[in-house]
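J.: This is the structure alone, sequence omitted:
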C-alpha cells in the first residue's frame, strides 16, 4: 500500500502549481510564455513559417548594418533563442533580458510607419516580461 501512497504524493507534487495561489500561477504562466515565445520567434527567423520577419527591420537599421538585412535578422533569431533559454534556466535574469530586447524592438518599430500596432502589442509583451522579472524574485527556484 505504501507504493500507492508514494505514487499519489508524487502526482500531487507535479500539479501543485494548479492549486497554487494566483501570483504563483501567474509566474508559471509567464515563465512558460517567455520561454516559448522568444524561442519560437527566434527559430522562425530561419524558416519564415509565421511571417517574413525581415520586413519588421527599420530601414535605417538595415542601412547602418555592415551585413545584409536577412543575415542581421538571423542574428536576431539567435539572440531571441538564447534569451528564451536564459529565461528557462534563470528567469530572474532572463526576464530582464527579454524586457530590454522588447523595448529595443518597440523603438525599432516606432521609427518607421506601418507597424505601430505591432509596437503596441510588443509594449504589452514587455509589461509581461517585466511582471515575470518581478515575480521571479519571489518564485524562481
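T.: That came through fine. The model shown is predicted, which means the values in this text are computed figures rather than measured ones. Numbers count the residues shown, from 1 in each chain.

J.: Show me the helices in the chain, by range?
T.: 2-14, 22-47, 59-64, 69-89, 91-110, 116-139 (DSSP state H).

J.: Could you dump those into TSV with mean neighbour count and distance to residue 53 added?
T.: The C-beta positions use only the backbone N, C-alpha and C, and glycine is treated the same way. Below are the helices of the chain laid out as TSV (neighbours: other CB atoms under 10 Å; distance: least, CB to CB, whole Å):
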stretch	mean neighbour count	distance to residue 53
helix 2-14	9	36
helix 22-47	17	5
helix 59-64	11	12
helix 69-89	18	5
helix 91-110	19	11
helix 116-139	17	11
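
J.: Put together TSV for the ones you listed, with mean pLDDT on each row.
T.: Shown next, in TSV, are the helices of the chain (pLDDT from 0 to 100):
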stretch	mean pLDDT
helix 2-14	47
helix 22-47	97
helix 59-64	96
helix 69-89	98
helix 91-110	98
helix 116-139	97
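
J.: Any idea which residue is closest to the centre of this structure?
T.: residue 34 (3.2 Å; CA atoms, centre = their mean).

J.: wait, isn't that one in contact with residue 132?
T.: Yes: with contact defined as CB atoms under 8 Å, residue 34 reaches residue 132; the gap is 5.5 Å.

J.: Mind listing the shared neighbours of those two?
T.: Taking CB atoms under 8 Å, 6 or more residues apart in numbering as the criterion, residue 34 and residue 132 both touch 87, 91, 95, 98.

J.: Can you name the two of these that sit furthest apart?
T.: 91 and 98 (9.6 Å; CB to CB).

J.: Give the residues shared as contacts by those two.
T.: The contact sets of residue 91 and residue 98 overlap at 34, 132 (CB under 8 Å, 6+ apart).

J.: thinking again about what came up before, setting aside sequence neighbours, what's the nearest residue to the residue nearest to the centre of the chain?
T.: Spatial nearest neighbour of residue 34, chain neighbours left out: residue 87 (4.9 Å); criterion: CB to CB, 6 or more residues apart in numbering.

J.: contacting residues for the one you found?
T.: 31, 34-35, 38, 94-95, 97-98, 132.
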